[in-house]
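Undergrad: take this sequence and fold it.
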Amino acid sequence: NHHDQQNARQIAVLQNNLITHGINVAALPPSLDVVVPTYRVDIGLLRGICGDTTPANQGTVTHVVVDNPCKVRRRVAAMQKQLSIPINPVVIHVNSSNRGVTSSRNRGIQASGADWIVLQDDDVVPDPGLLQAYSTAIQHHTCDGHEQLPLGFCGMIHFPQPYNGFTAAMRMSGVPNAFEIAELTRTPVWGCTANVCMRNGPWLRFVEDWEKTGGGEDMDLFLRLHREVGGVIASVPEAAVTHPWWDEGSRRAYFHFYLWGKGDGRLQQLHPEHCYRSWPCSVEMLVAMPLVMMMWIVSKVLGVGSVSLSFLATWLLVVALAVVEIGMLGNVVADRWLWRTVKSESLQGWARARAAMEGALVLICCEAGRLDYHLRYPRGCWTDIGLRFDFFCGCLPAARRAWTKTYALKFVGYVFYGLVGQWLWLSGRLGSE
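TA: Numbering: from 1, shown residues only. Take a look at the predicted model:
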């Protein structure tokens, strides 16, 4: 497109000027830029991102794309002065309106003419030497006779120790595991865009019609690149950031995970090769309850039903509560005997069990978002129910088995509760007769 052609011309002019002045362009290390979309516009956090030590001779430019123009208005020059330091040039781009994180990343990528681009979120705290670690990895793969350059590199993302009830619940839900994929495998299929380094080219573009807040667009990008371009992703443990808990754990942001669930549902439709069948989840069991009510109405119309409406309503309420409770208890049992992947000194004993229970509510919000996407944007809507997306895309089979066992465990709990409830009801009716 126009931006790519313009960048290519600028790079060609620069290379000719360097050659004219006797500088060997081929001997220069690959160039490396940073792209950070921001809605928060937190100057303190952005200074930390822009202030990382630049690798020698690479002339790294940090592109900050502001997606909240109302917050900046006429303060762009002041913001530029606050973020820039002598050795790290910063370019600030301001969107005309709130366009979302994918569109903002694309704008930063198009503005960069570097060979490699580091993508980061605007709330992470980079470890010192992050850019140097990526630069070293790039040069290692460029100079050591590798058959193919990687598509990109996946850095480490650490979360702080949980410090209140909801941060403990988020930790125990298993949701952060997807962010920590570089810690779980040396050859991940994808990396979270909170901290990745990608080889630049016309292929490096996000699809822009995802949720503005994100959720699934990074996995979609990597899976498309694997299919269309080819190549591998390598983890770089030395390139690490610390990612804060969402909303600092100050409020129970369940809706955030609901939106992620919608992204999960879309991934299932876009990349069915990474899906697998599993047992019904808590939300899918809850959806079955209106069907029970419809069956009762039909039976009454046909004159074959003998259950009162008040009893049926009470029974449905009790079952709904039981589904949630079993989901919570199932998470505790799964953590004790199936997962045990969450290592935290502050989560032991009852505190850990309580966090696992609330973590189940986080998962239920994700499941609700996924089901909502299937019902709103059907591709065979009902056939998608029971499908699960493998977030590790086959590189961690043990994780997929653990999740399948967890869903099976909870389903057994649902069935057991239903049988016991039916037995108690029948016992009561026979006793009254």
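Undergrad: report the buried residues of whichever strand in the chain runs longest.
TA: Ranked by residue count and defined by DSSP state E, the top strand of the chain is strand 233-242. For strand 233-242, burial by neighbour count (16 or more other C-beta atoms under 10 Å) applies to 233-236, 239-241. Any C-beta I mention is one placed from the backbone N, CA and C, and that applies to glycine too.
Undergrad: how close does the closest residue in space to Asn68 that isn't next to it in sequence sit to Trp246?
TA: Among residues not flanking Asn68 along the chain, Tyr39 sits closest, at 4.7 Å (C-beta to C-beta, 6 or more residues apart in numbering). Relative to Trp246, Tyr39 is positioned 13 Å away (C-beta to C-beta, to the nearest Å).
Undergrad: low-scoring stretches of the stretch 1-150 of the chain, by residue?
TA: 1-28, 56-58, 86-87, 142-148 (pLDDT under 70).
Undergrad: surely Arg99 is in a helix?
TA: No - if the criterion is DSSP: H, G, I helix; E, B strand; the rest coil, then Arg99 is coil and not within a helix.
Undergrad: quick check: phi and psi at it.
TA: phi -100, psi -10 (degrees, to the nearest 10).
Undergrad: which residues does it contact?
TA: Residues in contact with Arg99 (C-beta atoms under 8 Å, 6 or more residues apart in numbering) are 67, 208, 212.
Undergrad: from the residues you listed, pick the one nearest Arg376.
TA: Nearest to Arg376 among the contacts of Arg99: Lys212, at 16.9 Å, using C-beta to C-beta.
Undergrad: any idea how many residues pack against that closest one?
TA: 17 (other C-beta atoms under 10 Å).
Undergrad: so that it lines up with my notes, have the first residue be 12 from now on.
TA: Okay, using 12 as the starting number, the last item reads as Lys223.
Undergrad: and it, what's its pLDDT?
TA: Note on Lys223: pLDDT of 74.
Undergrad: before we move on, what about Leu407?
TA: The model's pLDDT for Leu407 equals 78.
Undergrad: can you redo the buried residues of strand 244-253 as CSV with distance to Arg411 and pLDDT?
TA: Formatted as CSV, the buried residues of strand 244-253 follow (distance: C-beta to C-beta, whole Å; pLDDT from 0 to 100):
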residue, distance to Arg411, pLDDT
Ile244, 19, 87
Ala245, 22, 88
Ser246, 19, 89
Val247, 25, 91
Ala250, 27, 93
Ala251, 26, 93
Val252, 27, 94
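Undergrad: remind me which residues of the stretch 262-411 of the chain are low pLDDT?
TA: Residues of the stretch 262-411 of the chain that meet the criterion pLDDT under 70 lie in 299-362, 389-393.
Undergrad: which residue ranges form the helices in it?
TA: 265-281, 293-313, 320-348, 360-387, 392-395, 408-443 (DSSP state H, counting those that start in this stretch).
Undergrad: just checking, what packs against the first one?
TA: Okay, so that is helix 265-281. Helices and strands touching helix 265-281, as assessed by 3 or more C-beta pairs under 8 Å, 6 or more residues apart in numbering; DSSP states H and E, comprise helix 228-239, helix 360-387, helix 392-395, strand 398-400.
Undergrad: what's the most buried one of these?
TA: The highest average neighbour count among those, using mean count of other C-beta atoms under 10 Å, belongs to helix 360-387 at a mean of 20.
Undergrad: now it: how far from the chain's centre is it?
TA: Distance of helix 360-387 from the chain centroid (C-alpha atoms, centre = their mean, to the nearest Å) equals 15 Å.
Undergrad: Asn109: what's it in contact with?
TA: Contacts of Asn109 (C-beta under 8 Å, 6+ apart): 50, 78-80, 223.
Undergrad: just the buried ones among those, please.
TA: Buried subset of the contacts of Asn109 (neighbour count, 16+ other C-beta under 10 Å): 50, 78, 223.
Undergrad: return the member of the residues you listed nearest to His152.
TA: Asp78 (32.4 Å).
Undergrad: show me what contacts the closest one?
TA: Going by C-beta under 8 Å, 6+ apart, Asp78 touches 48-50, 106, 109-112, 114-115.
Undergrad: the helices and strands packed on helix 265-281: which one's closest to Met296?
TA: Using C-beta to C-beta, the helices and strands packed on helix 265-281 put helix 360-387 closest to Met296, at 9.9 Å.
Undergrad: what angle separates the closest one from helix 265-281?
TA: With axes from the mean of the first three to the mean of the last three C-alpha atoms, to 10 degrees defining the directions, helix 360-387 sits at 50 degrees from helix 265-281.
Undergrad: and helix 360-387, what does it pack against?
TA: Where contact means 3+ C-beta pairs under 8 Å, 6+ apart, helix 360-387 is packed against helix 176-184, helix 265-281, helix 293-313, helix 320-348, helix 392-395.
Undergrad: which non-adjacent residue is nearest Val46?
TA: Gly119 (3.4 Å).
Undergrad: mind listing what the one you found touches?
TA: 46-48, 74-76, 104, 128.
Undergrad: the residue nearest to Asn79 against Cys81, yeah?
TA: No - in this structure Tyr50 lies outside contact range of Cys81 using C-beta atoms under 8 Å: 10.6 Å.
Undergrad: number of residues surrounding Ser115?
TA: Ser115 is flanked by 28 other residues according to other C-beta under 10 Å.
Undergrad: assumed it was part of a helix.
TA: Yes - under three-state DSSP, Ser115 sits within a helix.
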